[in-house]
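>>> quick one, structure for this:
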Amino acid sequence: MAPDGPGQVPYGYPAAGYGYPPPQPAYAAQHTHGAAGYYGWPGGQGEPSNGLGTAGMVVGIISVAGFCLWPVAILLGILGVIFGGIGRAKANRGEATNAGQALAGIICGVVGLVLGVGFGVLVIMAR
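Coordinates of the predicted model:
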């Protein structure tokens, strides 16, 4: 149904004002665009907040792939674990739908962190 009403009344239905009460002001206030800025029913479910889980996974994968740049890999590994942890918590609360991506961010972040630290130790010991 459009925000302005059902449009043209189908054949066989009475026109407005024939036995039907007019819409109440509370109904009109609830079902039009207001402060939220969109049409729809009030109290609807919003879009999932998947950004941090996805960011954790991407940063974790980059951390693993670039472990030769060990200072960058350590930093990205830490960020992957943090973003993945926050994304996983959001998924557990029902605010996000990508718990697997967030877990992948945590795992890849830890692996990238370990590889970065190991490669850093290897480079420093070889001097």
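>>> remind me, longest helix of the protein?
Secondary structure assigned by DSSP state H gives helix 99-125 as the longest helix of the chain.
>>> what are the buried residues along that helix?
99, 101-116, 119-120 (16 or more other Cβ atoms under 10 Å). All C-beta spots, glycine's among them, are computed from the backbone N, C-alpha and C.
>>> could you do stretch 82-98 as well?
Neighbour-count burial for stretch 82-98, counted by 16+ other Cβ under 10 Å, picks out 82-88, 90-91, 96, 98.
>>> take the residues you listed and keep only those in strands.
Applying DSSP state E to the buried residues of stretch 82-98, no entry is found in strands.
>>> export those as a markdown table, with columns for pLDDT and distance to T54.
What follows is the buried residues of stretch 82-98, written out as a markdown table (pLDDT from 0 to 100; distance: Cβ to Cβ, whole Å):
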| residue | pLDDT | distance to T54 |
| --- | --- | --- |
| I82 | 97 | 14 |
| F83 | 97 | 9 |
| G84 | 97 | 10 |
| G85 | 97 | 14 |
| I86 | 96 | 12 |
| G87 | 96 | 7 |
| R88 | 96 | 12 |
| K90 | 95 | 11 |
| A91 | 95 | 11 |
| A96 | 93 | 9 |
| N98 | 94 | 6 |
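>>> low pLDDT regions in this protein?
Applying pLDDT under 70 to the chain picks out residues 1-45.
>>> all helices of it, in order?
Along the chain, the segments classed as helices by DSSP H run 25-30, 51-65, 70-93, 99-125.
>>> now I107: how far from V117?
With distances taken as Cβ to Cβ, to the nearest Å, I107 is found 16 Å from V117.
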